[in-house]
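Participant: Sharing a model that was predicted from the sequence below.
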Amino acid sequence: MSAARAQFDEAGRLRHLLTLEAMPPRLILELLDTAAALAAATGGKVKKLPLLRGRTVVNLFFEPSTRTRTSFELAASRLSAEVVNFDVAQSSTTKGETVLDTLRTLEAMHCDLFVVRHRENGTPEYLARHAGPGVAIVNAGDGNHAHPTQGLLDAYTIRHHKGPEFGRLRVAIVGDIAHSRVARSAIHVLTALGVGELRVCGPAALLPRDLGPAIAVSSDLDAILDGVDVVMMLRLQRERMRETEVPDAADYHARYGLDRRRLALARPDAIVMHPGPMNRGVEIASEVADGPQSVILDQVSNGLVVRMAVMARLVGAGNVAG
Amino acid sequence: MSAARAQFDEAGRLRHLLTLEAMPPRLILELLDTAAALAAATGGKVKKLPLLRGRTVVNLFFEPSTRTRTSFELAASRLSAEVVNFDVAQSSTTKGETVLDTLRTLEAMHCDLFVVRHRENGTPEYLARHAGPGVAIVNAGDGNHAHPTQGLLDAYTIRHHKGPEFGRLRVAIVGDIAHSRVARSAIHVLTALGVGELRVCGPAALLPRDLGPAIAVSSDLDAILDGVDVVMMLRLQRERMRETEVPDAADYHARYGLDRRRLALARPDAIVMHPGPMNRGVEIASEVADGPQSVILDQVSNGLVVRMAVMARLVGAGNVAG
Amino acid sequence: MSAARAQFDEAGRLRHLLTLEAMPPRLILELLDTAAALAAATGGKVKKLPLLRGRTVVNLFFEPSTRTRTSFELAASRLSAEVVNFDVAQSSTTKGETVLDTLRTLEAMHCDLFVVRHRENGTPEYLARHAGPGVAIVNAGDGNHAHPTQGLLDAYTIRHHKGPEFGRLRVAIVGDIAHSRVARSAIHVLTALGVGELRVCGPAALLPRDLGPAIAVSSDLDAILDGVDVVMMLRLQRERMRETEVPDAADYHARYGLDRRRLALARPDAIVMHPGPMNRGVEIASEVADGPQSVILDQVSNGLVVRMAVMARLVGAGNVAG
């Protein structure tokens, strides 16, 4: 809960985006509405908007992720911000500088917004607590804790395809729940928006124990998929597992992979989501990933406008003056 | 030939640039003329032109090449495009994502043109066949297959120095022909433009067997250079050879290196070309590389305007509407 | 002294910035005044100025340094220059291209200003001697020779806090003097500006022998700090030392680390400087680094406007025409 509080200023306004845990539903909907307005304003073809003119956005990635970094980079530059990619792999942190000194150094260069990815839970919150006045932190993924822009783009995508009445929807999240900040942020945002039913599925060893009574948990994928409106498949993050935990890919696919047969258990108009990058043939079969029910590439497009909305909210002309 | 076909749309218009094989001479000349017009318009000092305003160009390099990437980056930004360097070495492909998923992801972020370099022959063609509507692929070098913008800048440089009548010219290409996409693209473009005589020279082990009867092939460099107007030296690409193939550098220079004595066998006004980066003292002596007949740095400058011409053709305002 | 001469053209105008050795005080003050004017013009919030519009700046870093590269990148883009980061680690130099060929290639792409960092003394001077007309080189640190923009920002910071009368000031430089281009450039600029007293302190093995009679040298830190107005702490650059030279961190801190007790030996209004990145607990205690006398983050901010001033001087509209 501490990150949930740290992202608001004393007047209760959003100053950083660290987590979707305990995020007021009204605020989530405002961000989704702003993203939708940006999508409409730019009409498919994204044009430059002047909302972040004169601002500098730093991609501060302590874990490599070209695809997420590129999404933030394009979102920022389409808002007319200056963007700097601060590649920490070859930076002074390897010379012993602390994370906080890196932040303060870049603040001293008049950078306004930091997009932070780090393998340790809580680093973005730590930086947010120490950020100078007017400086905003966006969590682009910390450990297995949170990935709030992913949660927002997931909610945006579901609303776009299934309409605004989340109370009518059944959503299944499938895969490596325990290691997944994507799953955590999805659970937070869907709960906040009052999703009708939330089900979680994965190997017993990859299921967390503390999800509470409102969420159905099972290792039986066929049962989980029965009648759902949305199937969110997670990436099997072999790079985050200890060696003894890594399941055999074929074995995993047989038990937890989404193929056409299994998808038929969901509602006929169910949508299929995946945060990418996909392990085809492991958590998802290509016939589903590329099939008519897949909205996986919509998620990527929606990620752009959602990130633009978040950045405009945090450091856009209308907000910082406050 | 399949790449040659894949680069045109159904109406016969150039949609991608994959190879110069079977490229209509009229189209080659149009691209060279556009490049010359851009060079004139920008008058030495390159000014920004608005031809790609609102477009996003991605440098999608699966093989590192800072110099070629920089040439494309500068060309794109001088056309007012947004440029993203997608460094695949640290991207999701290392997490198992397919090349095609990488393309589709970036397309979903509304990227318009992809500059692709890959060590495997055919990757740019493969991506072109799967690219979405309005998306263009430029081959920036695939394996030993093709490097079409290099071929175009070579043709541009020869025309600039020797005039438009290619039928009068004798051109020698010297070096590691078998591993060289530069040589292949040069042969294609010079053949299309009706070069008077084309000669190829290199160690027997580095000569291809399938060049056809119109091209003279020899391992005797002195004989090859006799009376030529253009000498194109190739880089000895030790990084592409198997260990047993790599020739000794001094030995190679003695037999296939271009020095002042050998250059004197060519016409007195012959020009010397090299695609860079040079191995000085191996394929070319410094006295020649830096001598009055060298046009090697002209090639670099011409590469900029040629790449601008290609990008303007593929996604510039006038074309995409069609 | 050769770098000192190489940076001026025949008319005595600054064409490159290679060293502060023998730099005329008038010129140093002009650069500091320009930086101060830029700071005032941009009023804290840095706005874009058009001084380098149409120019291309290349960050040519043969040694990784994300923080210094970022400072130059932001300075250049706030002057409206195009900026290219030429990451030499993955460039053609690994394929055997010479440094000079890399420069000439980028010049041929119409790049105007090169920010060069290299581990060998003299590389920026070497490039400056061979640069084409209208092309400027800025030394961003070469070996243990010079780091002139650091020296300028240090002088700027001291003048800002202590006023323009350098003759009244006592300055101590503490640490790994022998390996430090920061120390050398600081000594040059402070000597040029007529500093009242300059003292240097460090372990005997890390002290140079050739500083001349005007500079007090000692290994007794307490004695050195007595009554000084400015304390410049240097980074212990373990990455530049041979293994046998590296001191034990705790031991080093005990003898040469600046903590609150020692700082009390200086004047009560003394300022504490450090070029970053800091080894907290080694050369500087956190209580001092983050204390009220620290101007370390001011140095970072001042670095931006100083680098803007240098680039505007070298290739800005008013200069290149000449």
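Facilitator: Noted; the coordinates are in hand.

Participant: Break chain A down into its structural domains.
Facilitator: Annotated domains of chain A cover A:2-146+A:301-315, A:148-295 [automatic domain parsing].

Participant: Go ahead and confirm residue A:79 touches residue A:314.
Facilitator: No: counting by C-beta atoms under 8 Å, no contact exists between residue A:79 and residue A:314, whose distance comes to 11.1 Å. Placement of C-beta: from N, CA and C, glycine included.

Participant: overlap in contacts of these two?
Facilitator: With contacts taken as C-beta atoms under 8 Å, 6 or more residues apart in numbering or on different chains, residue A:79 and residue A:314 have no neighbour in common.

Participant: one step back: just put the domains of chain A in CSV and tack on mean neighbour count.
Facilitator: Supplementary listing: these in CSV, determined by neighbours: other C-beta atoms under 10 Å in any protein chain shown:
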stretch, mean neighbour count
domain A:2-146+A:301-315, 20
domain A:148-295, 19
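
Participant: out of those, which comes closest to chain C?
Facilitator: When the domains of chain A are ranked by proximity to chain C, the top entry is domain A:2-146+A:301-315, at 3.5 Å, counting by C-beta to the nearest C-beta.

Participant: can you tell me the distance between the two ends of that closest one?
Facilitator: Counting by C-alpha to C-alpha, to the nearest Å, the length from the leading to the trailing residue of domain A:2-146+A:301-315 is 22 Å.

Participant: Give me the distance from that domain to the chain's centre.
Facilitator: The offset between the C-alpha centroid of domain A:2-146+A:301-315 and the centroid of the whole chain comes to 12 Å, using C-alpha atoms, centre = their mean, to the nearest Å.

Participant: just stretch A:276-291 next, same as before
Facilitator: 19 Å.

Participant: Helices of chain A, start to end?
Facilitator: Assigned by DSSP state H, the helices in chain A fall at A:2-6, A:25-42, A:66-78, A:99-108, A:123-130, A:148-162, A:181-192, A:221-225, A:249-256, A:260-263, A:286-289, A:296-315, A:317-320.

Participant: Could you save the ones you listed as JSON lines and add columns showing distance to chain B and mean pLDDT?
Facilitator: As requested, the helices of chain A are exported to JSON lines (distance: least, C-beta to the nearest C-beta, whole Å; pLDDT from 0 to 100):
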{"stretch": "helix A:2-6", "distance to chain B": "26", "mean pLDDT": "92"}
{"stretch": "helix A:25-42", "distance to chain B": "9", "mean pLDDT": "94"}
{"stretch": "helix A:66-78", "distance to chain B": "4", "mean pLDDT": "95"}
{"stretch": "helix A:99-108", "distance to chain B": "19", "mean pLDDT": "95"}
{"stretch": "helix A:123-130", "distance to chain B": "19", "mean pLDDT": "97"}
{"stretch": "helix A:148-162", "distance to chain B": "11", "mean pLDDT": "98"}
{"stretch": "helix A:181-192", "distance to chain B": "14", "mean pLDDT": "97"}
{"stretch": "helix A:221-225", "distance to chain B": "22", "mean pLDDT": "97"}
{"stretch": "helix A:249-256", "distance to chain B": "10", "mean pLDDT": "94"}
{"stretch": "helix A:260-263", "distance to chain B": "19", "mean pLDDT": "98"}
{"stretch": "helix A:286-289", "distance to chain B": "8", "mean pLDDT": "98"}
{"stretch": "helix A:296-315", "distance to chain B": "4", "mean pLDDT": "97"}
{"stretch": "helix A:317-320", "distance to chain B": "21", "mean pLDDT": "46"}
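
Participant: out of these, nearest to residue C:196?
Facilitator: Taking C-beta to C-beta as the criterion, helix A:99-108 is the member of these that comes nearest to residue C:196, at 28.5 Å.

Participant: Show me what stretch A:168-178 is in contact with.
Facilitator: Outside of stretch A:168-178, the residues within contact range by C-beta under 8 Å, 6+ apart are A:144, A:158, A:162, A:183, A:186-187, A:190, A:195-203, A:205-208, A:221, A:224-225, A:227-237, A:241, A:256, A:258, A:266, A:283.
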